[in-house]
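Visitor: Model the following, please.
(one chain, ligands or ions: 1)
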Amino acid sequence: MSNNPITRIGVFTSGGDAPGMNAAIRAVVRSAKYYNLEVYGIYRGYEGMIQNDIKKLENINVGYILERGGTFLKSARSAEFRTPEGRKKAYDNLTAHNINALVVIGGDGSLTGAHLFYKEFGIPSIGIPGTIDNDLSGTDSTIGYDTACNTAIQAIDKIRDTAVSHDRLFFVEVMGRDAGFIAVNAGIGSGAAATLIPERKMPIETLIERLKSRAKAKKQSNIVIVAEGGKSGGALEISQKVKKFLPNYDIRVTILGHLQRGGSPTSFDRTLASKLGVAAVEGLINGKADVMVGVINNKIVYTPIKKAIVDDKEVDEDDFRIAKILSQ
Ligand code: F6P
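Guide: Below you'll find the model as predicted:
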């Protein structure tokens, strides 16, 4: 908890962009104005804080961004902010602008930076979970995750047209860094033959058995979803191993990559981002600091940043079981 009265908030996006970040910025600016606070946009995350790339934001500046992907404040991963000298420069620039509270929108790396900065300089900060990976505890969903899952499913539906037409086996790699949330969701939503995620090891023999039994069941097509970051390798590596067991299969690999990070946010992500933006500002006004705001069971929840980044969020056991049942 902080006792400082908040008068001027700095808001920034950091790390990988995620659809819905703009909606969150808009909500921070508009709610700050509603409560008669000033807001400054810090461009390119911690990098802009160090480079003094900081500009005042008004309601007018955040019009027509709610529906847009990416982040109009831009984003970056800053190496300099990892150094004490870099963080001191950032602090001096914030002080020169009389910024006495921060809202950081980003993933675990961005929130780790905010936690460290708060410990060193005491400027109250609140994190908003913005990452397609959904790998933060303290919230049921991170901003961008729902859009990324929808994008992945739409892409896989298209790939299936070719898989069926040519009797091909496709390996589709999805993002998620070292977490399998997008993969499991896309696996269920697109009717995958199997879903390989970093959190669970699936021996290659099990996968081969699954594919053989689907062949017996005269399945029209096979799409295997592979989460990046798996210990047995990505889609390319897995496909090469499978080819050795099933030399007659016509195999193709598609890596969905950054297309999962772009595009207009879904209704779910826009609403989530808007709620979290308002809750972040209200949290600061109510003296909260060094916490991440999330939504759990439809209720706003504030979790210490340290807990949100340290506690491992698990892929839901039921989701994984359902994906397996439906892949037979
Ligand atoms: O954290 C979001 C994410 O898209 C991950 O899913 C992925 O591993 C990583 O960022 C890619 O990072 P970059 O855009 O820096 O290549």
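
Visitor: In which helix or strand does residue 294 reside?
Guide: According to DSSP states H and E, residue 294 maps onto strand 291-296.

Visitor: How about the stretch 51-200 of the chain: which residue is closest to the ligand?
Guide: Of all residues in the stretch 51-200 of the chain, residue 175 sits closest to the ligand, at 3.4 Å by Cβ to the nearest ligand atom. C-betas here are computed from N, CA, C, even on glycine.

Visitor: In whichever strand or helix holds residue 27, which residues are buried?
Guide: Residue 27 is part of helix 21-34 when elements are defined by DSSP H and E. Buried residues in helix 21-34, defined by neighbour count with 16 or more other Cβ atoms under 10 Å: 21-33.

Visitor: ok, residues contacting it?
Guide: 9, 11, 13, 38-39, 41, 57-59, 61-62, 65-66, 68-73, 75, 103, 105, 128, 130, 143-144, 265, 269-270, 273-278, 280-282 (Cβ atoms under 8 Å, 6 or more residues apart in numbering).

Visitor: Can you list the strands that the strand holding residue 294 pairs with?
Guide: The strands beside strand 291-296 in its sheet (DSSP bridges) come out as strand 125-129 (parallel), strand 299-304 (antiparallel).

Visitor: Pull the distance from the longest one to the chain's centre.
Guide: Relative to the centre of its chain, strand 299-304 is centred 18 Å away, using Cα atoms, centre = their mean, to the nearest Å.

Visitor: Can you mark which positions in that strand are buried?
Guide: With burial defined by 16+ other Cβ under 10 Å, the residues of strand 299-304 counted as buried are 300, 302-304.

Visitor: Could you list the low-pLDDT ranges of the protein?
Guide: Residues of the chain meeting the criterion pLDDT under 70: 1-4.

Visitor: If you count residues, where's the longest helix of it?
Guide: Assignment by DSSP state H gives helix 145-166 as the longest helix of the chain.

Visitor: hang on, the earlier thing: run the chain-centre distance for the strand holding residue 294.
Guide: Taking mean C-alpha positions (Cα atoms, centre = their mean), strand 291-296 and its chain are 14 Å apart.

Visitor: was I right about residue 224 contacting residue 174?
Guide: No. Using Cβ atoms under 8 Å as the test, residue 224 is too far from residue 174 to be in contact (11.1 Å).

Visitor: burial of the closest residue to residue 118 other than its chain neighbours, as a residue count?
Guide: Once flanking residues are discounted, residue 118 sits nearest to residue 290: 4.6 Å by Cβ to Cβ, 6 or more residues apart in numbering. For residue 290, the number of neighbouring residues by other Cβ atoms under 10 Å comes to 21.

Visitor: any idea how far residue 143 lies from residue 150?
Guide: Residue 143 sits 14 Å away from residue 150, going by Cβ to Cβ, to the nearest Å.
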